[in-house]
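**Q** let's see this in three dimensions:
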Amino acid sequence: MRSLFSRTLTALVFAAVLGSPLQAEDAADSGAYLAARIAEAENDFRAAASWYGRAMLADPGNPALLDGALLAEIGAGNLLSAIEVATKRKEIGSRLGLDPSQLAELALLADEANREDYAAIQAAATAGRDLGDLANQLVLAWAKVGDGKMSEAIEAFDALTQKKGYEAFGYYHKALALASVGDFEGADEILSGKAAGPITVMRRGVFAHAQILSQLERNADALALLDRSFGPGPDPIVDAVRRRLQAGEPLPFDTVRTAKDGIAEVFYTISTALNGEADPVYTLVHLRVAGYLRPDHADALLLTADVLENLGQHDLATQTYTSFKPDDPAFVAAEIGRAGALRAQGKVDAAIEALQTLARSHGDLVQVQFALADALRSAERFDEAKVAYSAAIDLTSAAGREDWVLYFYRGICHEQSKDWAPAEADFRKALELNPNQPQVLNYLGYGLVDRGEKLDEALGMIEKAVAGDPEQGYIIDSLAWAYFKLGRYKEALEPMERASLLEPVDPIVTDHLGDVYWMNDRKLEARFQWRRALSFGPTDKDKTRILRKLEVGLDAVMAEEGSAGASVKAAENGN
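**A** Modelled structure (predicted):
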């Protein structure tokens with residue numbers, strides 16, 4: 001089966017955009033240059049663009065500065081500025097006999113495509129413009145579509161279908177090109193698999209095929225395609241399309257309306273292949289071009305914001321998310337993404353407020369309630385989070401395996417609110433849905449151990465969790481702690497030391513290691529580990545207990561806690 005998720009990325013990735021280290025040390029404003037390089041290393045595209053601009057005031061003809069400014073301007077989404085820099089870089093490069101800058105050529109291509117100057121695109125391709133092998137061929141084919149040379153364009157797409165690793169790209173873009181000129185029968189032949197066998201497409205490709213089927217007056221087939229591809233679950237974008245199809249409305253084919261849209265689609269489809277495999281900056285460069293040529297390309301915008309978040313550019317991501325209007329079917333996904341970007345910037349209250357507003361308008365969506373619940377839980381607003389998790393659970397018609405996480409997180413909220421009975425019930429429901437989930441097995445097992453309840457069952461759960469995820473230090477810590485609670489101190493030693501190696505700066509694991517050493521009569525090492533735990537930022541409660549252990553020893557603390565526990569029980573019994 002041909003797939004647009006082919007991982008033949010060595011043929012897709014651009015050549016290194018900066019090449020050898022920049023030689024701009026002779027620029028008059030070396031401070032601005034160094035600041036630009038630092039910002040560039042941190043992927044702070046806005047700051048880098050500003051500093052490169054300042055450095056170029058002192059040395060406007062420096063090719064290295066121009067290259068750096070190009071990457072920064074494109075990364076920041078300033079394509080108009082990038083095009084100006086690219087024009088200058090090409091002129092200076094030609095004068096100095098330098099190799100062409102691929103980034104400059106990319107920006108110039110974006111300008112030509114935006115102006116729909118398809119003759120210029122073809123002329124540049126003939127002159128040897130290099131955008132990367134796949135992009136070269138797809139862009140040229142779409143330029144021929146734009147120039148009215150449809151037969152030549154089809155030949156170019158067909159040539160790609162014969163090239164290993166590029167087959168699916170060739171077929172998919174050929175189908176889009178045919179549909180863009182009204183040949184919906186030919187497009188359906190390709191996307192249905194009748195022409196050359198099954199072709200797996202992205203989510204966007206499914207919508208394109210649904211539009212094609214609708215244009216062929218086959219709304220029922222389009223609905224069946226959506227059902228097969230996305231299932232019955234609520235999804236604002238899918239549901240909006242479903243409603244139109246069910247009403248008998250013919251969907252316009254707007255996935256690719258023109259050759260300009262087709263070129264935007266080239267850079268979007270390549271970016272999806274790059275995403276997660278190549279340097280995210282390469283992915284971002286492709287996405288910025290797609291977004292410039294097609295400002296309403298929701299999929300490109302959402303992926304752009306996601307890549308920016310991965311690069312730590314949460315402010316730029318937030319700016320991208322806010323480009324969606326409330327009536328856009330992608331608005332819900334964008335608002336959830338925006339809230340995540342706000343949380344990453346430490347603006348937790350603003351994130352929660354955004355999600356609460358979204359819940360008032362779209363509270364019937366599981367993903368909205370789930371996102372709100374997660375934000376509230378992270379802010380330790382557990383009682384409010386429980387309400388949102390419960391709302392999400394109520395919206396699931398029949399709990400499936402993937403819904404374990406809703407019960408697990410609601411259980412955590414119950415446990416953090418000191419309400420163990422419903423917490424245990426939720427954990428057990430999560431295990432009913434997903435019996436081998438290590439996180440749930442560990443959390444429930446550890447909770448039972450810590451409470452001194454059902455210790456044999458708890459130990460079995462934790463052992464199963466370790467088997468399922470043997471490299472997680474906090475799970476191995478739970479196993480050691482279960483042995484400790486059972487009084488099996490020697491058995492606790494090996495897993496506790498292993499947990500400490502995996503979680504070397506965790507205050508709880510380090511504190512536990514000290515306790516295990518103490519009970520194995522290694523008191524000097526115990527005190528050393530407790531002091532280390534204090535340096536790792538334990539909670540106030542744990543800090544007080546560690547300090548008391550350092551003062552009087554673990555035996556005395558356990559005796560004090562036992563007496564306090566007995567006093568509490570006596571008071572509860574009215575004695």
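**Q** isn't R288 right next to L79, touching?
**A** Yes: applying Cβ atoms under 8 Å, one finds R288 in contact with L79, separated by 6.5 Å. From N, CA and C alone the C-beta is placed, and that goes for glycine too.
**Q** show me where the stretch 201-350 of the chain has its helices.
**A** Under the criterion DSSP state H, counting those that start in this stretch, the stretch 201-350 of the chain contains helices at 203-215, 219-230, 236-246, 259-274, 280-293, 298-310, 314-321, 331-344, 348-362.
**Q** which helices and strands sit right next to the second one?
**A** In terms of contact count using 3 or more Cβ pairs under 8 Å, 6 or more residues apart in numbering; DSSP states H and E, helix 219-230 is assigned the packing partners helix 203-215, helix 236-246.
**Q** per-stretch mean pLDDT over the ones you listed, give me the minimum one.
**A** Lowest mean pLDDT within these: helix 236-246, at a mean of 92.
**Q** what are the buried residues along stretch 505-514?
**A** Neighbour counts over stretch 505-514 (16 or more other Cβ atoms under 10 Å) mark D506, P507, I508, V509, T510, D511, H512, L513, G514 as buried.
**Q** identify the farthest-apart pair in those residues.
**A** Farthest-apart pair in the buried residues of stretch 505-514 is D506 and G514; separation 12.5 Å (Cβ to Cβ).
**Q** now the helices for the stretch 51-200 of the chain?
**A** Assigned by DSSP H, counting those that start in this stretch, the helices in the stretch 51-200 of the chain fall at 63-75, 79-96, 102-114, 118-126, 133-146, 150-161, 167-180, 184-191.
**Q** can you add mean neighbour count, mean pLDDT and distance to K454 and give these back as a markdown table?
**A** Below are the helices of the stretch 51-200 of the chain laid out as a markdown table (neighbours: other Cβ atoms under 10 Å; pLDDT from 0 to 100; distance: least, Cβ to Cβ, whole Å):
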| stretch | mean neighbour count | mean pLDDT | distance to K454 |
| --- | --- | --- | --- |
| helix 63-75 | 26 | 95 | 55 |
| helix 79-96 | 18 | 95 | 62 |
| helix 102-114 | 23 | 97 | 62 |
| helix 118-126 | 17 | 97 | 70 |
| helix 133-146 | 24 | 96 | 58 |
| helix 150-161 | 17 | 96 | 61 |
| helix 167-180 | 24 | 96 | 53 |
| helix 184-191 | 20 | 96 | 55 |
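**Q** and of those helices, who's closest to N436?
**A** Of all those, helix 167-180 comes closest under Cβ to Cβ, at 34.8 Å.
**Q** the closest one - contacts with which helices or strands?
**A** Against helix 167-180 (3+ Cβ pairs under 8 Å, 6+ apart) you get strand 2-3, helix 133-146, helix 150-161, helix 184-191, strand 199-200, helix 203-215, helix 259-274.
**Q** recalculate using a threshold of 6 Å.
**A** On a contact count with 3 or more Cβ pairs under 6 Å, 6 or more residues apart in numbering; DSSP states H and E, helix 167-180 meets strand 2-3, helix 150-161, helix 184-191.
**Q** adding distance to A220, write the ones you listed out as CSV.
**A** Converted to CSV, these look like this (distance: least, Cβ to Cβ, whole Å):
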stretch, distance to A220
strand 2-3, 26
helix 150-161, 30
helix 184-191, 14
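**Q** of the helices and strands packed on helix 219-230, flag the one that's most buried.
**A** The highest mean neighbour count among those, using mean count of other Cβ atoms under 10 Å, belongs to helix 203-215: a mean of 22.
**Q** who does it touch, helix- and strand-wise?
**A** Using 3+ Cβ pairs under 6 Å, 6+ apart, helix 203-215 is in contact with helix 184-191, helix 219-230.
**Q** turn these into JSON lines, columns for distance to A533.
**A** Output for the helices and strands packed on helix 203-215, formatted as JSON lines (distance: least, Cβ to Cβ, whole Å):
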{"stretch": "helix 184-191", "distance to A533": "59"}
{"stretch": "helix 219-230", "distance to A533": "49"}
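**Q** near D117, how many other residues are there?
**A** A total of 16 residues lie near D117 under the criterion other Cβ atoms under 10 Å.
**Q** look at it and report its pLDDT.
**A** Note on D117: pLDDT of 97.
**Q** distance of G186 from I212?
**A** 10 Å (Cβ to Cβ, to the nearest Å).
**Q** cool, G77 as well?
**A** Distance from G77 to I212, counting by Cβ to Cβ: 31 Å.
**Q** same thing with C413?
**A** 46 Å.
**Q** just to revisit the earlier point, let's have the helices of the stretch 201-350 of the chain in CSV, adding distance to K194.
**A** Listed next are those as CSV, based on distance: least, Cβ to Cβ, whole Å:
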stretch, distance to K194
helix 203-215, 12
helix 219-230, 13
helix 236-246, 22
helix 259-274, 22
helix 280-293, 29
helix 298-310, 26
helix 314-321, 38
helix 331-344, 33
helix 348-362, 39
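**Q** which stretch among these comes nearest K149?
**A** Comparing these by Cβ to Cβ, helix 259-274 comes nearest, at 10.5 Å.
**Q** H286: neighbour count?
**A** There are 31 residues near H286, going by other Cβ under 10 Å.
**Q** actually, A127.
**A** 8.
**Q** ok, it - contacts?
**A** Counting by Cβ atoms under 6 Å, 6 or more residues apart in numbering, A127 touches no other residue.
**Q** quick one: pLDDT of it?
**A** 94.
**Q** likewise for G31?
**A** pLDDT, read off for G31, is 87.
**Q** circling back: looking at the helices of the stretch 201-350 of the chain, which is closest to A143?
**A** Among the helices of the stretch 201-350 of the chain, helix 259-274 sits nearest to A143 (Cβ to Cβ), with 6.7 Å.
**Q** what sits up against that closest one?
**A** By Cβ under 6 Å, 6+ apart, helix 259-274 touches 12, 113, 116, 138-139, 142, 145-146, 256, 282-283, 286-287, 289-290, 293-294, 300.
**Q** run the last query once more with 7 Å
**A** Contact partners of helix 259-274, identified using Cβ atoms under 7 Å, 6 or more residues apart in numbering, comprise 4, 6, 9, 12-13, 113-114, 116, 118, 134-135, 138-139, 142-143, 145-146, 169, 173, 176-177, 180, 202, 256, 282-283, 286-287, 289-290, 293-294, 297, 299-300, 303.
**Q** quick one: that helix to helix 167-180, angle?
**A** In terms of direction (axes from the mean of the first three to the mean of the last three Cα atoms, to 10 degrees), helix 259-274 departs from helix 167-180 by 160 degrees.
**Q** so how far is helix 259-274 from its chain's centroid?
**A** Mean C-alpha position of helix 259-274 versus that of the full chain (Cα atoms, centre = their mean, to the nearest Å) differs by 20 Å.
**Q** next, the buried residues of it.
**A** By neighbour count on 16+ other Cβ under 10 Å, the buried set for helix 259-274 is 259-274.
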